[in-house]
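S.K.: any chance you could fold what I've pasted below:
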Amino acid sequence: MRAIVYKGPNEVSVETVDDPKIESQTDAVIRITSSGICGSDLHMYEGRTPASGDMRFGHENMGVVEKVGSAVNSIRTGDRVVMPFNIACGSCFNCTRGFTNACLVVNPEGVSGGYGYAGMGPYPGGQAEFLRVPFADFNCLKLPGQPGDDFEDDFLLLSDVFPTGYHGAELAGVGPGDTVAVFGAGPVGLLAAYSSMLRGAAEVYVIDGIAERLAKAEEIGAIAIDFTQGEPCKQIAKIRGSNALVRGALRPGEEKMSGVMCGIDAVGYQARSFENPDKENPVQVIDELVHVVNPTGRIGIVGVYFPEDPGGVDGAAKKGQFTLPLGDIFDKGITIGTGQTPVKRYNAYLRDLIVAGRAKPSFIVSHRLKLDEAPAAYRKFDRRTDGYTKVVLKPEATASA
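M.R.: Okay, the predicted model is just below:
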């Protein structure tokens, strides 16, 4: 089969590799119909993680069941399925408590496993024609419809970015009437903003420095904040303070609540300095969130932070060690939640929102490309411009769109 193979920093290629096989009675082999290029793939693509040569990328995968092992009971050949990016056994101590992001069984290198990702076990990715899925009964979410229908892109996003955006809103405790600031208008940030609206948020601010991304945020009803035009917390305070209805609802003392109640970090350790966007400041977003979130507010961190980063800005950053404003966090009584998304906790419910017409997350998809076009797509997506918001690869496609 053909697959995307990592060759070294800033280089991937389409190569012919061995077809996946049933290795355990609980396995399934999936014929891939769609696979996403994720912003997290760019960390490996750029050489910012210890990815080995010849690793096969792709943790956002969906398709049709081609084969199943003899112990697979609920998934059958011909079923349309999507897989969480984190592989889980479904029965270990963490999985039975709902923390499928921290399965203790599937990864001999540590806690949590995933497809085509550095440090997450020996599982090739699905930016390919076929994919082996361990513990298929647990990891395959059955989908209605047929490959290529109007739900194809929406359902693909159940593998990662839609649940991850929703998880950001969950960690930040977003509820009806809340005010929310989302840092980052990439796919996860946009879907964190979208999820916040699904959960009933009254105001959602999206902070980024790229005009195309901010325009996409405005399309879904969010308020765009360009950090190149000034400190985001001051921009938000000005917008809220100029709203007579907001001012008219405040009692004495409540003018101190000029920020938001919920903040979401959808950027992670490669955040750019607000003062000099050409330079990285890995704690830039966290620092700003602590400023913009009101006392007793909540922060959800779904942007990635690694324990090792060969390209870190200094020795501490290379070891995943960052200085945080803990004094301000304690003084304001801010609650912080973080960690990889337990996709299984959300994906069936989000699927049903899509089926019911209540959610359409595929608004983020900008390009649908053939597998052979992936190397060029990686280069363009890595520049985070050229309109490359979200790329979906179609291994069976005969033409790009």
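
S.K.: work out which residue lies at the spatial centre of this structure.
M.R.: residue 161 (3.7 Å; C-alpha atoms, centre = their mean).

S.K.: list the contacts for that residue?
M.R.: 36, 38, 60, 187, 188, 191, 361, 364, 390 (C-beta atoms under 8 Å, 6 or more residues apart in numbering). To be clear about C-beta, it is placed using only N, CA and C from the backbone, and glycine gets the same treatment.

S.K.: which ones among these map onto helices?
M.R.: Among these, the members found in helices (DSSP state H) are 187, 188, 191.

S.K.: how about the residues you listed in a markdown table, adding distance to residue 10?
M.R.: Output for the ones in helices among the contacts of residue 161, formatted as a markdown table (distance: C-beta to C-beta, whole Å):
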| residue | distance to residue 10 |
| --- | --- |
| 187 | 21 |
| 188 | 22 |
| 191 | 27 |
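
S.K.: and the closest residue to the residue nearest to the centre of the chain other than its chain neighbours, how many neighbours?
M.R.: Once flanking residues are discounted, residue 161 sits nearest to residue 187: 4.6 Å by C-beta to C-beta, 6 or more residues apart in numbering. By the criterion of other C-beta atoms under 10 Å, residue 187 has 29 neighbours.

S.K.: which residues touch residue 187?
M.R.: 38, 39, 161, 165, 364, 389, 390.

S.K.: three-state assignment of the residue located most distally from the centre of the chain?
M.R.: Distance from the centre of the chain peaks at residue 252, with 40.2 Å (C-alpha atoms, centre = their mean). Following DSSP: H, G, I helix; E, B strand; the rest coil, residue 252 is assigned to coil.

S.K.: also residue 350?
M.R.: Assigned with three-state DSSP, residue 350 falls in the helix class.

S.K.: I'd like to know how far it sits from residue 38.
M.R.: Residue 350 sits 17 Å away from residue 38, taking C-beta to C-beta, to the nearest Å as the criterion.

S.K.: and residue 310, which of the three is it?
M.R.: Assigned by three-state DSSP, the conformation of residue 310 is coil.

S.K.: report how many residues lie close to residue 261.
M.R.: The tally of other residues near residue 261 (other C-beta under 10 Å) stands at 23.

S.K.: residue 373 now?
M.R.: Residue 373 has 18 nearby residues by other C-beta under 10 Å.

S.K.: and what of residue 283?
M.R.: 16.

S.K.: which strand residues bridge residue 293?
M.R.: Beta bridges link residue 293 to residue 260, judged by DSSP bridges.

S.K.: that one contacts residue 258, correct?
M.R.: No - using C-beta atoms under 8 Å, residue 293 makes no contact with residue 258, being 11.1 Å away.
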